[in-house]
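K.L.:
Need the 3D shape of this:
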Amino acid sequence: MKKTKCIGCDLLKSDAEKITETESFVVRQDYETPIPGFMILSSKKHIKGIEDLTESERKEFIELLYKVRKAMSKSLDVKYVYIVQKEDSIIDRSHFHIWLFPRYAWMEKYGRKIASVTSIIEYSRKHMKTEKNLAKVKETAEKIKSWFA
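P.N.:
Reported below is the predicted structural model:
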């Protein structure tokens, strides 16, 4: 098994799961958490959080965040999204990233608090890695990708 110093850097070298990118950021569908439309927007450089962005990166970031959220709405009909970012990574200066976590009707049984996201992620990783659902995740990623084309 190949050891990696930085999963973010390894992902940057790959086109796997990539939806779109800008000069400073990349957006990917998360396949480890197989929820259709679960997007991760991450920086291309090692930074801790928003306060580490330059002025031009902040503008680029908010524009991309807006476009990804708009794509989720227009191409997937996602009405609600939780946008989550945490800065307490075990890696001191990893790649800043945020989750754009879509809310679907089947998630209601977990509640609407931010803590529900953890339970939904655990459920999806245990029960949603089926061939059928992974195909749905890929189809959803392609819809969002084509929205950017």
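K.L.:
For the chain, which segments count as helices?
P.N.:
Applying DSSP state H to the chain gives helices spanning 7-12, 55-76, 116-127, 131-148.
K.L.:
Let's have these in a markdown table, adding mean neighbour count.
P.N.:
C-betas here are computed from N, CA, C, even on glycine. Below are the helices of the chain laid out as a markdown table (neighbours: other Cβ atoms under 10 Å):
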| stretch | mean neighbour count |
| --- | --- |
| helix 7-12 | 15 |
| helix 55-76 | 16 |
| helix 116-127 | 15 |
| helix 131-148 | 15 |
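K.L.:
Out of those, which gets the lowest mean score?
P.N.:
Ranked by mean pLDDT, these bottom out at helix 7-12, which scores a mean of 55.
K.L.:
which residues does Glu139 contact?
P.N.:
Neighbour list for Glu139: Pro36 [criterion: Cβ atoms under 8 Å, 6 or more residues apart in numbering].
K.L.:
if we can go back for a sec, now render the helices of the chain as JSON lines, adding distance to His97.
P.N.:
Output for those, formatted as JSON lines (distance: least, Cβ to Cβ, whole Å):
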{"stretch": "helix 7-12", "distance to His97": "8"}
{"stretch": "helix 55-76", "distance to His97": "11"}
{"stretch": "helix 116-127", "distance to His97": "15"}
{"stretch": "helix 131-148", "distance to His97": "17"}
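K.L.:
What's the separation between Val68 and Glu122?
P.N.:
24 Å (Cβ to Cβ, to the nearest Å).
K.L.:
Could I get the contacting residues of Ser73?
P.N.:
Lys79.
K.L.:
typo on my end, Ser56
P.N.:
Ser56 neighbours (Cβ under 8 Å, 6+ apart): none.
K.L.:
Relative to Glu122, how far out is it?
P.N.:
38 Å.
K.L.:
Look up which residues are beta-bridged to Tyr80.
P.N.:
On the basis of DSSP bridges, Tyr80 is bridged to Arg103.
K.L.:
Tell me which residues touch the most centrally placed residue in the chain, please.
P.N.:
What sits nearest the mean C-alpha location of the chain, by Cα atoms, centre = their mean, is Ile40, with 1.6 Å. Shown in contact with Ile40 (Cβ under 8 Å, 6+ apart): Val27, Arg28, Gln29, Asp30, His97, Ile98, Trp99, Leu100.
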